[in-house]
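S.K.: With the input below, show me the fold.
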Amino acid sequence: MKNYISQLNGMESNAIHCIKKLVAAQLNALMIYCFGCRTSSVITRTAFIKRQLKEDRHFTCDLLVITPDHIQAGEEKLAEIQEMVAHFGTVNMVVHPLYFVLKHMNEGNLFFNWVHKNGMLLFDRNNTLQLLPPPVGGEYRPQAEAFYNSDPGMNNYLDVKWQPVIKREPAKQTAATQQPVQITLQLNPSDGWKPVLI
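M.R.: As a prediction, the model looks like this:
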């Protein structure tokens, strides 16, 4: 699990904080992860109006909200929350109860496991994090990147599972074997003993 909150600018950090508080209260959330955010800015300059500079910013964040098992968040409730946070930006929410998330994580779901490993944990009520399995290893990064590149909207996030990663055995280092050298001595009475390599 990573915490990228320090990488956000002041406006983004404030927006995330306010959105988190509102979503946590409205959905009685146990955990909230941010697994993506975007800020776009358009600056307009013109000689035809008195105010020379106009800047339009738009903030969007993607949240995984884990709720207690008895909470069901319908489309109507999510639309109501979106209206409440509209002045901060757009919030795309993936909302599931804890038992559902645990079941899919234990079955090897790529989305839930990678958000748990690499997402920004914004909210954790009653230390719910301890109920989740340990984060997966970094060896799954190529699969996570391939998943995102093939489906940036993550429309099929419930269907994609990890593929087993075969760890390569480190190459065994063998000591260089030396070939034996045979030395033969020839006796020559005039020159004495001389080594002859064969």
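S.K.: hey, which helix or strand in this protein has the poorest pLDDT?
M.R.: When each helix and strand of the chain is scored by mean pLDDT, DSSP states H and E, strand 192-197 comes last, with a mean of 57.
S.K.: Dump the host helix or strand of Cys61 to PDB, keeping only the CA atoms.
M.R.: Element membership for Cys61, per DSSP states H and E: strand 53-67. The C-alpha trace of strand 53-67 is given here as PDB (Å, rounded to 0.1, in the frame of the first residue of the first chain):
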ATOM      1  CA  LEU A  53      -6.400  35.400 -17.200                       C
ATOM      2  CA  LYS A  54      -9.100  32.800 -16.700                       C
ATOM      3  CA  GLU A  55      -8.200  29.400 -15.400                       C
ATOM      4  CA  ASP A  56     -10.600  26.500 -15.300                       C
ATOM      5  CA  ARG A  57      -9.600  23.400 -13.300                       C
ATOM      6  CA  HIS A  58     -11.300  20.100 -13.200                       C
ATOM      7  CA  PHE A  59     -10.400  17.400 -10.600                       C
ATOM      8  CA  THR A  60     -11.400  13.700 -11.000                       C
ATOM      9  CA  CYS A  61     -10.700  10.900  -8.600                       C
ATOM     10  CA  ASP A  62     -11.300   7.100  -8.600                       C
ATOM     11  CA  LEU A  63     -12.200   5.600  -5.300                       C
ATOM     12  CA  LEU A  64     -12.600   2.000  -4.000                       C
ATOM     13  CA  VAL A  65     -15.100   2.200  -1.100                       C
ATOM     14  CA  ILE A  66     -15.300  -0.900   1.100                       C
ATOM     15  CA  THR A  67     -18.500  -0.900   3.200                       C
END
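S.K.: Which SSE is immediately downstream of that strand?
M.R.: Following strand 53-67 in sequence order, the next helix or strand is helix 75-85 (DSSP H and E).
S.K.: contact partners of that next one?
M.R.: Counting contacts by CB atoms under 8 Å, 6 or more residues apart in numbering, the residues outside helix 75-85 that touch it are 18-19, 22-23, 26-27, 90-91, 93, 95. Glycine gets a C-beta too; all of them are placed from N, C-alpha and C.
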